[in-house]
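**Student:** A structural model of the following input is requested.
(4 chains, ligands or ions: 4)
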Amino acid sequence: MTATETEERIIRYNNAFNETLRELLLDDPDIFIAGEDVGRYGGVFQSFAGLNAEFGDERIVDTPIAEQAIIGLGIGAAAVGLRPIVDLMFMDFVMVAMDQIANQAAKMKYMYGGKAKLPLTITTTGGAGLGAAAQHSQSLEAWLIHVPGLKVVYPSNPYDVKGLLVSCVRDDNPTVFTLHKKMLGSKGHVPEGLYEIPLGEANVVREGTDATVVAIGMMVGEAQKAAEILAEEGVSIEIIDPRTLLPFDIDTVVQSAKKTNRIVIVHEAVRNGGIGAEIAAQIQEEAFDYLDAPIARVAAPFSPVPFSPALENAYVPDAESIAEGVRGVLYRNA
Amino acid sequence: MTATETEERIIRYNNAFNETLRELLLDDPDIFIAGEDVGRYGGVFQSFAGLNAEFGDERIVDTPIAEQAIIGLGIGAAAVGLRPIVDLMFMDFVMVAMDQIANQAAKMKYMYGGKAKLPLTITTTGGAGLGAAAQHSQSLEAWLIHVPGLKVVYPSNPYDVKGLLVSCVRDDNPTVFTLHKKMLGSKGHVPEGLYEIPLGEANVVREGTDATVVAIGMMVGEAQKAAEILAEEGVSIEIIDPRTLLPFDIDTVVQSAKKTNRIVIVHEAVRNGGIGAEIAAQIQEEAFDYLDAPIARVAAPFSPVPFSPALENAYVPDAESIAEGVRGVLYRNA
Amino acid sequence: MATKQQSKISKGVLLDLHRRMVRIRLLEEAAGRLASEAKIPGFIHLYVGEEAVAVGGCVALNEDDQITSTHRGHGHLVAKGGQFKPMMAEFMGRSTGYCKGKGGSMHISDLDLGMLGANGIVGAGVPHAVGAAFANKYRKNNLVTMAFFGDGSTNIGAFHEAANMACALHLPVIFMCENNEYAEYTARERVMAITDVADRAVAYGMPGVIVDGMDVVAVYEAAKAAVERARNGDGPSMIECKTYRFYNHAGVSAFGTPYRTDEEVKEWMERDPIKLFEAQLELAKVLSAEEAQAVHDEIQAEVDEAIEYAEASPMPDPATDMLTDVYTEAS
Amino acid sequence: MATKQQSKISKGVLLDLHRRMVRIRLLEEAAGRLASEAKIPGFIHLYVGEEAVAVGGCVALNEDDQITSTHRGHGHLVAKGGQFKPMMAEFMGRSTGYCKGKGGSMHISDLDLGMLGANGIVGAGVPHAVGAAFANKYRKNNLVTMAFFGDGSTNIGAFHEAANMACALHLPVIFMCENNEYAEYTARERVMAITDVADRAVAYGMPGVIVDGMDVVAVYEAAKAAVERARNGDGPSMIECKTYRFYNHAGVSAFGTPYRTDEEVKEWMERDPIKLFEAQLELAKVLSAEEAQAVHDEIQAEVDEAIEYAEASPMPDPATDMLTDVYTEAS
Ligand SMILES: Cc1ncc(C[n+]2csc(CCOP(=O)(O)OP(=O)(O)O)c2C)c(N)n1
Ligand SMILES: Cc1ncc(C[n+]2csc(CCOP(=O)(O)OP(=O)(O)O)c2C)c(N)n1
Ligand SMILES: [Mg+2]
Ligand SMILES: [Mg+2]
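**Tutor:** Numbering: from 1, shown residues only, chains lettered A, B, ... in the order given. Ligands and ions are numbered 1, 2, ... in the order given. Just a heads-up that it's a prediction; the model follows:
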């Protein structure tokens, strides 16, 4: 079911997450949630509010500050048949749990000859913009897409929050689901009830003819603003939201590239080694003869995320920097 | 001083590492080495052999199995003025220490407004080919180049082992130095005494005209073998060994691209999200009009490193797969 | 008891303990106010209620000894000698801050004062203390290092690895636990099956003691003993300070929360370490109520000055400041 | 003493304990031989000398209970019921191996037997045991989970986090430590300031006991008690087994190494858990020397068969097998 098929029901990105968890918990008794402060308190962003009261300490589990054990708890429980959802409060904390995520969860099935089935979902919050500084603002998706065995999604709106979360939780592989913490209050249409957005299917958010902007997470909204700015300049851009970062729907992007011949990729992480590099490399591999300009990347400068709003605002790409990137591939810069 | 300026002195890659450490320890009393089994035993690959006997337990420190504390030990000691070398036995273990490497060491200077100076060198061993399976064979350089604050090198021969290690240890920033464990016994010319290879300078290993192969670590040797195969087919390739992966010497690569117009990038890590993506993205940004074919990447298939030699041999790129990649960009495939 | 202890402690030290606690309290109250007025961006974790721990610990150190800190680091820096102006400026993200506005509250630090940095990652600072202690032993400079950390952080791997390594290498380090009974909004008993963090010392082979973290003299004396032990080459030790944060994990509200009762909060506020100590000092005729008030007034004036200074300070400039301090350039 | 204990244990169990130890020993000796002949690629970590730990632990479990393992996992799998043919085939990287040749010695496993996997990362398997135990409690299926791990692994964060979480959540898990006094080539006292790993149990709030890891009956009885405790919902416990690996960390050489003395190795070999137990069994008239020899012969024949099977088995085919088993396809 798609947005248009149902009457508009506008809720927040964060509430879509919470509602989806509740519906999933009601739907499947094998699902439990574990993480820091997710229980009694409902999570530091209240994303888990009310779940502990409704489902109890058995299914909504407060854990110690122990990210390796949190992921490991999910791995062990999944290996014997449950369908765990484990939470890393901030995406930056994947670093303290990277072994359990990338050496354990992701590789177990392969190392054990296919016997292990790990229906494990890792939820977390990424992105900058809240003055949370270098260790609470990162976007680390580029690390995750380099890990065979994982699936990785990044919803850019409330509708996708529900559809992607349902697909992640129902998938029989380890998945990483990232909420953008600055988008938690943003609103959008979300139907009641469970629905899936297939993993690995990009979404053409806006059709256009002059250039294609591939945007991730919060950058999708910025790209839409950029589209308005550019429209006034007579420039029509197509916007693609991959939604799933691994596996990546390169076909949809390449199709668009063959149509517009000009590509700008936008993400919040630093450019060097970012996911934009992989997308660019694949596009030029598959649409080389169609490109009328180098594929451009709009991303963060090569520094940790700065604290001061004066710096952070300039650090995170926005509509204007995206528009500038598009002007670049159109050779229209001032 | 370069290889040609001195009479040939042929030693092994692993011995070059060991000799360099010894010369550095004699040169600077602020240098100490800490890691698992590096002391009394001399390291699992004997890379640290004899150092504990010569310099004692104070300077060559056996640590518990505690990678977070090993890196943290180096960070704290560096922050107050020492010049630590800390060892992660296998590169795969960066995963258990990623927070200390990427959230702590790399960001400290920036977060603390420039006051922290961290002359910290992390040594490790990467790469496949020894039947060590999924958790002892990885090449994770792509994660590291995505981290502002780090410098990353990957020597492809004994001469570079010494020159790059000296530069890393003398650098005032956190550096990651990776030995390829399958190359430990390989031989090459290494002058006595300390010399530096500047970080961020690529090495044109072989000059050629038809295509450029950018190869990393052990792949440099494979590329050289591929060059011989291709020479017999009348194909002349230029081979560039970046040596330093962060900062990356893109200028040397772009120059070559403008000359040969065809590029193949080779690395051992899985292709998706690998360092080849970043190199490709930058080349097409800077040499777009010079490219006569899509930039090709030769890398590992998207699976964990398999154990069985039958699979592992096919998993790791080699001279033949590189040659095939070059034929591809020359549109000469069978 | 208080008087008995004080008899062993010079008047100068007693007044120092008092003054540093008041400095923390007044700075934190101001910071909290500014945060709720959105003049301080981001997250802010206040130290109010726990002053006796940082102060008792740091006064037991020499100026050139080092400390490591946590996400709740303001108190540690002030106790180690941190100045208000660069702190306030940092909280507000100004270029005149200790970190040039790049770190903010959660990364407040001054390496020149031996304060090796507040840290946004729970437990991550503890290994750094072990590293600094290693360097001190390596250089035989007779310095010691004190790691501050919370009860919740003792559940994470980095703490465990660091504590074991410090004991294995017999380093001059003091593990100073602020057990305020909560990790964010989760009570200790929900995430630990033990009551006393000090019970963890035996797992590493170091002594562990429990002190009343609201009694600055008790903390100071325990710290003194541990510091002496470390300086004498007798290795690490752990001190668990039973304390409490008056405000919530972040921000300045204290009451009406689901995770702890108002009664509990009020009970602990009854044991305000500054009020307790001022009563002791008056009783011991070391500091009268009037003199104490004068200290508060003087420090408040300094806080107000710091706020003016910070607000008048420029923001960093993206064009020139964004990409500096990422790397140390070769000199 | 031995006889006293055995009186409590049925003859069937005693013979089972013996048989499983011999199964491990003979498989390992063969694997070591094949490794030195380069017929087994990669690293190989043998369990020889430690058989009493895996066997005493696993015989105390029910068939459907789970265990987690380490880099030294052959013994654990055999003790849990692992078959020789798919094990040998896996060691040799054949497609008929337990892991289709994709995992090898360091990742040997059979989830169907409740052996959740050998692990190349020290300490990383312990959290998985906690997760399996959580699932057992969640499903009220009355199963328990046993985590095997070495002395050295108790110094790494994952172990600590998992042990604390298991106690905080009061899970049915048994922490089974194989303290063989070394981590690779580094002696325990160089990296730990404590002698007994069991001292770490108190840090989490669980009971910790020490047993002679060369006495399979002692291990079995301690494990029985801990398993019962876990099954009754009384939570986790830790058992430290004092044991020794006869060979080096990897491979099959035992003597002439710099990190331990030949005398020490010989002393421990004197206490070979199988020899000790066979002497007890003979004394107790449970198993005569001849009968014991018959068991060895029978098992040796099975080992030889497994080697033939493995050598006759095909290697995996890159074209068809490389990219399978990376993901579970939607069914
Ligand atoms: C690795 C990691 N996990 C989780 C967090 C989120 N977090 C910040 S403070 C905190 C609670 C810390 O509790 P404690 O150590 O007792 O210190 P306190 O806040 O009580 O002073 C948590 C969970 C974090 N910053 N880092
Ligand atoms: C995280 C990590 N660090 C280091 C290693 C290398 N390593 C493999 S086994 C081992 C020693 C383990 O010692 P112990 O836990 O006592 O087990 P034992 O080998 O004695 O059975 C080490 C250091 C590893 N595999 N993983
Ligand atoms: Mg606390
Ligand atoms: Mg051991």
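**Student:** just checking, A:P301 touches A:V270?
**Tutor:** Yes: the pair A:P301 / A:V270 is scored as a contact, 7.0 Å apart, by Cβ atoms under 8 Å. (Glycine included, C-beta is placed from N, CA and C.)
**Student:** who's more crowded, these two?
**Tutor:** Using other Cβ atoms under 10 Å in any protein chain shown as the criterion, A:P301 and A:V270 rank with A:V270 on top: 23 against 17.
**Student:** bridging residues for the more buried one?
**Tutor:** Beta-bridge partners of A:V270, counted by DSSP bridges, are A:A300.
**Student:** could you list the low-confidence segments of the chain?
**Tutor:** I went with chain A, as the question did not name one. Chain A contains residues with pLDDT under 70 at A:1-6, A:334.
**Student:** correction: the question concerned chain C.
**Tutor:** Residues of chain C that meet the criterion pLDDT under 70 lie in C:1-7.
**Student:** contact residues of it facing ligand 3?
**Tutor:** Residues of chain C lying near ligand 3 by Cβ under 5 Å from the ion: C:150-152, C:180.
**Student:** buried subset of the residues you listed as a ChimeraX selection?
**Tutor:** A single ChimeraX command selects the buried members of the residues of chain C next to ligand 3 (16 or more other Cβ atoms under 10 Å in any protein chain shown):
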select /C:150,151,152,180
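**Student:** which of the residues of chain C next to ligand 3 are close to chain A?
**Tutor:** Contacts with chain A within these, as defined by Cβ under 8 Å from any Cβ of the partner chain: C:G152.
**Student:** which two in the residues of chain C next to ligand 3 are spaced the farthest apart?
**Tutor:** Across those, the longest distance by Cβ to Cβ is 8.9 Å; it joins C:G152 and C:N180.
**Student:** mind listing the helices for chain A?
**Tutor:** For chain A, the helices defined by DSSP state H occupy A:13-27, A:51-59, A:67-79, A:94-98, A:106-111, A:141-144, A:158-170, A:219-232, A:250-260, A:275-287, A:309-315, A:319-329.
**Student:** which strands and helices sit next to the longest one?
**Tutor:** Just to be clear, that refers to helix A:13-27. Contact here means 3 or more Cβ pairs under 8 Å, 6 or more residues apart in numbering or on different chains; DSSP states H and E; on that basis helix A:13-27 packs against strand A:31-35, helix A:51-59, helix A:158-170, strand A:175-180, strand A:187-189.
**Student:** nearest to chain B, of those?
**Tutor:** Closest to chain B of these is strand A:175-180 (Cβ to the nearest Cβ; 13.4 Å).
**Student:** the closest one vs helix A:219-232, what angle?
**Tutor:** 50 degrees (axes from the mean of the first three to the mean of the last three Cα atoms, to 10 degrees).
**Student:** got the angle between strand A:175-180 and helix A:13-27?
**Tutor:** If you take the same axes, to 10 degrees, strand A:175-180 sits at 150 degrees to helix A:13-27.
**Student:** packing partners for strand A:175-180?
**Tutor:** So strand A:175-180, by 3+ Cβ pairs under 8 Å, 6+ apart, packs with helix A:13-27, strand A:121-126, strand A:151-153, helix A:158-170.
**Student:** which of the ones you listed sits closest to C:A292?
**Tutor:** Per Cβ to Cβ, nearest to C:A292 of the helices and strands packed on strand A:175-180: strand A:121-126, 44.6 Å.
**Student:** can you list the strands that the closest one pairs with?
**Tutor:** strand A:83-88 (parallel), strand A:175-180 (parallel).
**Student:** can you give me the end-to-end span of stretch A:32-44?
**Tutor:** Terminal residues of stretch A:32-44 lie 18 Å apart, using Cα to Cα, to the nearest Å.
**Student:** oh sorry, the question was meant for stretch A:32-51
**Tutor:** By Cα to Cα, the extent of stretch A:32-51 from end to end equals 10 Å.
**Student:** now do stretch C:31-41
**Tutor:** Note: stretch C:31-41 ends 11 Å apart using Cα to Cα.
**Student:** same question for stretch A:77-95.
**Tutor:** OK, stretch A:77-95 end separation, Cα to Cα: 22 Å.
**Student:** for it, the distance to its chain's centre please.
**Tutor:** Between the centre of stretch A:77-95 and the centre of its chain there are 16 Å (Cα atoms, centre = their mean, to the nearest Å).
**Student:** kindly report the same for stretch C:289-299.
**Tutor:** Remark: stretch C:289-299 is offset 22 Å from the chain centroid, using Cα atoms, centre = their mean.
**Student:** repeat for stretch C:14-27
**Tutor:** Computed by Cα atoms, centre = their mean, the chain-centroid distance of stretch C:14-27 equals 12 Å.
**Student:** list the buried ones in it?
**Tutor:** Result for stretch C:14-27 [16+ other Cβ under 10 Å]: buried residues C:14-27.
**Student:** just the closest of the residues you listed to chain A, please.
**Tutor:** The closest of the buried residues of stretch C:14-27, once distances to chain A are taken by Cβ to the nearest Cβ, is C:L27, at 18.2 Å.
**Student:** closest one of the buried residues of stretch C:14-27 to ligand 3?
**Tutor:** Compare each of these with ligand 3 using Cβ to the ion and the shortest gap goes to C:I24, at 17.1 Å.
**Student:** returning to that earlier point: need the helices and strands packed on strand A:175-180 in TSV (columns: mean neighbour count).
**Tutor:** TSV is the format used below for the helices and strands packed on strand A:175-180 (neighbours: other Cβ atoms under 10 Å in any protein chain shown):
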stretch	mean neighbour count
helix A:13-27	20
strand A:121-126	26
strand A:151-153	25
helix A:158-170	25
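**Student:** surely C:V144 meets C:L61?
**Tutor:** Yes: counting by Cβ under 8 Å, C:V144 does reach C:L61; the two are 7.0 Å apart.
**Student:** return the residues of the stretch 151-300 of chain C in contact with chain D.
**Tutor:** Contacts of the stretch 151-300 of chain C with chain D, taken as Cβ under 8 Å from any Cβ, map to C:155-161, C:164-165, C:167-168, C:170, C:190-194, C:199-200, C:202-206, C:235.
**Student:** ok, now which ones touch the residue in chain C that ligand 3 sits nearest to?
**Tutor:** Minimum separation of chain C from ligand 3 (Cβ to the ion) falls at C:G150, amounting to 3.7 Å. Counting by Cβ atoms under 8 Å, 6 or more residues apart in numbering or on different chains, C:G150 makes contact with C:70, C:72, C:122, C:177-180, C:183.
**Student:** list the residues that contact residue 71.
**Tutor:** Chain wasn't specified; assuming chain A. A:I71 makes contacts with A:86, A:88, A:97, A:100-101, A:104-105, A:122, D:127, as judged by Cβ under 8 Å, 6+ apart.
**Student:** chain C, not that one
**Tutor:** C:H71 makes contact with C:43, C:45, C:106, C:118-120, C:122 under the criterion Cβ under 8 Å, 6+ apart.
**Student:** you'd agree C:F149 is up against C:F175?
**Tutor:** Yes: contact criterion Cβ under 8 Å: C:F149 and C:F175 qualify, at 7.2 Å.
**Student:** where do the contact lists of the two overlap?
**Tutor:** Counting by Cβ under 8 Å, 6+ apart, the residues touching both C:F149 and C:F175 are C:V126.
**Student:** can you report how many residues neighbour the residue of chain A found nearest ligand 3?
**Tutor:** At 9.5 Å from ligand 3, A:I65 is the closest residue in chain A, using Cβ to the ion. Here the number of neighbours of A:I65 (other Cβ under 10 Å) works out to 28.
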